[in-house]
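In: everything below, folded, please.
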Amino acid sequence: MAASLPLRFGTPDLEPALGGAAPLSARVVVGDLRGASAIDVDQVRLGRRGLVFRFPWYLPEGRHAWVELNLPTGKRIRPLVAVLGRSEDGLTSARFVHLFPEHRRALDTYLASPSGY
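Out: Residues are numbered from 1 along each chain as shown. From the prediction side, this is the model:
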């Protein structure tokens with residue numbers, strides 16, 4: 001079983017799956033009209049309404065980013081998220097702003113799995 005990641009920064013609505021599922025890796029794409037950067041992140045934990053991940057630097061609250069995730073089920077999802085905050089130990093929380101319907105189904109299937117795949 002993976003260790004639980006602490007949520008100390010006011011994210012009660014995320015309901016991240018912090019139990020037995022192993023943390024995932026993802027690519028976070030941040031930027032604006034002048035350009036974008038894709039940063040690989042680890043310790044990603046998913047919930048129905050958002051996610052928690054370790055990001056190498058501070059992202060301001062409200063900042064939007066695309067997150068590219070390959071689920072252990074073989075499905076790939078790409079939610080648009082808004083940053084909610086960052087914990088003292090460097091974990092960033094974000095809520096889903098947009099999730100394509102087929103990506104929602106893939107996420108729900110993954111979260112419903114008793115083993116977390």
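In: once you drop chain neighbours, what's closest to Ala94?
Out: Val81 (3.7 Å; Cβ to Cβ, 6 or more residues apart in numbering). For every residue, glycine as well, the C-beta is placed using N, CA and C.
In: so the residue most central in space within the chain: helix, strand or coil?
Out: Nearest residue to the geometric centre of the chain (Cα atoms, centre = their mean): Leu51, 3.1 Å. Here Leu51 takes the strand state, with states given by DSSP: H, G, I helix; E, B strand; the rest coil.
In: the protein: strands as residue ranges?
Out: 24-32, 35-46, 50-54, 64-70, 76-77, 80-86, 91-98 (DSSP state E).
In: export those strands to TSV and tack on mean pLDDT and distance to Ala112?
Out: Listed next are the strands of the chain as TSV, based on pLDDT from 0 to 100; distance: least, Cβ to Cβ, whole Å:
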stretch	mean pLDDT	distance to Ala112
strand 24-32	84	16
strand 35-46	84	12
strand 50-54	90	17
strand 64-70	92	16
strand 76-77	94	15
strand 80-86	93	21
strand 91-98	93	17
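In: those: which one's closest to Thr109?
Out: For the strands of the chain, proximity to Thr109 was assessed by Cβ to Cβ; strand 76-77 is nearest, at 10.6 Å.
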